[in-house]
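Participant: pasting the sequence and the predicted model now:
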Amino acid sequence: MARTTPMQPLITLKGATLYGIIVQTARLWLDGLDFKEIALDIWLLKSEAVGGTLPNLNIQTAASVEGPWTTVATINAAYTQTRVFLTSREGGTVQFQRLARWELDPRAASGNWQACFQICATMK
């Protein structure tokens, strides 16, 4: 049976190119141990860059908290809504391991930026 859960409640982040990578807080990481498929609905409610470009939002997966963490999807923050499918089945296009999290990478951005987003996961 499918289960829907918020992976990231609404959050607003602001920064500049000089900021380092921002990683989702560990208590909100998605644990997909008992599931074979995960669909992540990512809604960017507001994203803007003043005098520059937006950062990338990466979806990562790992078998344990210690990692290593692998990026399985990269979304440019200019998109308003996207869906990412992750599967643990052999031959799946995007493999997930036990855990999933997001990471905002401003190194590809320039200038000052702001991103407001939320992520909802449906697991089965």
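Facilitator: The structure has been received and is ready for your questions.
Participant: these two touch, right, residue 4 and residue 124?
Facilitator: No - at 9.8 Å, residue 4 does not count as touching residue 124 under the criterion of C-beta atoms under 8 Å. Any C-beta I mention is one placed from the backbone N, CA and C, and that applies to glycine too.
Participant: longest strand anywhere in this structure?
Facilitator: strand 37-53 (DSSP state E).
Participant: what segments of this structure are helices?
Facilitator: Here the chain has no helices by DSSP state H.
Participant: low-confidence ranges, it, go.
Facilitator: Applying pLDDT under 70 to the chain flags residues 1, 17-19, 46-47, 51-52, 77-83, 85-94.
Participant: just give me the residue closest to the centre of it.
Facilitator: residue 102 (3.1 Å; C-alpha atoms, centre = their mean).
Participant: contacts only, for it.
Facilitator: Residues near residue 102 by C-beta atoms under 8 Å, 6 or more residues apart in numbering: 7-8, 23-24, 57-60, 119.
Participant: so residue 103 makes contact with residue 20?
Facilitator: No - assessed by C-beta under 8 Å, residue 103 is found out of contact with residue 20, at 10.6 Å.
Participant: between these two, which one's more packed in?
Facilitator: More crowded of residue 103 and residue 20, by other C-beta atoms under 10 Å: residue 103, with 17 against 9.
Participant: list the residues that contact residue 62.
Facilitator: Residues in contact with residue 62 (C-beta under 8 Å, 6+ apart) are 68-70, 97-99.
Participant: just the buried subset of those residues, please.
Facilitator: Buried subset of those (neighbour count, 16 or more other C-beta atoms under 10 Å): 69, 97-99.
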